[in-house]
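Peer 1: Quick check, what structure comes out for this input:
(chains A, B, C and D)
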There are 2 protein chains.
Amino acid sequence: MTPIKEAIDTMKQNGLKETDKRREMLSILLEQEGYLSAKEVQEKLQTKFPSISQDTIYRNLNLFSDLGIVESTELNGEKHYQFSCKHQGHHHHFICSNCGKTIPFDMCPMDFFKDQLPGYSILSHRFELFGLCDECSEKE
Amino acid sequence: MTPIKEAIDTMKQNGLKETDKRREMLSILLEQEGYLSAKEVQEKLQTKFPSISQDTIYRNLNLFSDLGIVESTELNGEKHYQFSCKHQGHHHHFICSNCGKTIPFDMCPMDFFKDQLPGYSILSHRFELFGLCDECSEKE
DNA sequence: CTCTTTGCAAAACATTTGCATGCCT
DNA sequence: AGGCATGCAAATGTTTTGCAAAGAG
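Peer 2: A predicted model of the protein is given here:
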């Protein structure tokens, strides 16, 4: 079962429908090794759907996000999305500032800090690394 | 030398001027134990400057940020600011999801991970904890 | 056939900018 | 006096929403 089929199953279980545009969006998000903004998703959709409206993209990205099909983060004041089925379990990302590629890793600061922090009830955390990936490093 | 005077000195060194509104903004940011959005700053300014325009607030917050007088972060899609002179050196924040108060701490995941991460050149990182501060925990 | 999806247009929201007036130094 | 600061209005950029038409099951 491909990740895209899984995602479409999830949608159907929630009474939502399978459309060409959603399938193509999922395929774009799956192929991409990193986060994409709504605008970047639209650019990649241009080939197959030159006249797709932004609304559809925003609506579907929110939908995917609500269903847990994609993960999202905020970069430079814009929401970014990427397929979330690839890497299982709790993880964080290294994000290449140049090409946008993300590399997941399992290490989590909370494993170290859990006992060392003041007694606040910590409910969530945000941890991201930024830099240049191997490919972009070489090009410089 | 108070932090506010230091900040105004920095501004003057850059050819900028001391105004009532800037002084009041700095004072609000200094008193607050946490991040404030532009809107929240405006609300707190209402008492002394009921008719101040948002533009001025946005312009001055950006200015303070450029000069390093305030630190900023992005929360729920809005930029937030707080005075940055209190806690010296590299640090991160615990942010109370209820009252917005922030508590700085010196521990940094990079100290642990430096050697354990893949060979990517890491240039920066983002690490923030969210939860309830002691006061807000008790109220629940 | 019914309910969801899409496109269009408009609105909402945070933020920025041009310009003329006003204030600090 | 001269340059920076401010207010106003308008523009910008991202994201959301109402509504009617098109499409999926």
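Peer 1: Any stretches of chain A with poor pLDDT?
Peer 2: Residue ranges of chain A with pLDDT under 70: A:85-86, A:114-119.
Peer 1: Show me the residue sitting in the middle of it in space.
Peer 2: Centroid check for chain A by C-alpha atoms, centre = their mean gives A:Gln82 as the closest residue, at 1.9 Å.
Peer 1: Can you check my assumption that that one lies in a strand?
Peer 2: Yes. Looking at A:Gln82 with DSSP: H, G, I helix; E, B strand; the rest coil, it is inside a strand.
Peer 1: hey, what's it bridged with?
Peer 2: Beta-bridge partners for A:Gln82, by DSSP bridges, are A:Glu71.
Peer 1: Could you do A:Leu75 as well?
Peer 2: Beta bridges link A:Leu75 to A:Glu78, judged by DSSP bridges.
Peer 1: Tell me which residues touch the residue nearest to the centre of chain A, please.
Peer 2: Contact analysis of A:Gln82 by C-beta atoms under 8 Å, 6 or more residues apart in numbering or on different chains lists A:29, A:32, A:34-36, A:70-72, A:102. To be clear about C-beta, it is placed using only N, CA and C from the backbone, and glycine gets the same treatment.
Peer 1: now the residues you listed: which count as buried?
Peer 2: Among the contacts of A:Gln82, those classed as buried by 16 or more other C-beta atoms under 10 Å in any protein chain shown are A:29, A:32, A:34-36, A:70-71, A:102.
Peer 1: List just the nearest of the residues you listed to A:Ile57.
Peer 2: The nearest member of the buried ones among the contacts of A:Gln82 to A:Ile57, counting by C-beta to C-beta, is A:Leu36 at 10.3 Å.
Peer 1: and the longest strand belonging to chain A, what does it pack onto?
Peer 2: Assignment by DSSP state E gives strand A:121-132 as the longest strand of chain A. Strand A:121-132 sits against strand A:92-96, helix A:109-113, strand B:121-132, with contacts defined as 3 or more C-beta pairs under 8 Å, 6 or more residues apart in numbering or on different chains; DSSP states H and E.
Peer 1: separation between A:Ser65 and DNA strand C?
Peer 2: Distance from A:Ser65 to DNA strand C, counting by C-beta to the nearest atom of the strand, to the nearest Å: 14 Å.
Peer 1: just checking, that residue touches A:Tyr81?
Peer 2: Yes. Proximity of A:Ser65 to A:Tyr81 meets the contact threshold set by C-beta atoms under 8 Å, at 6.6 Å.
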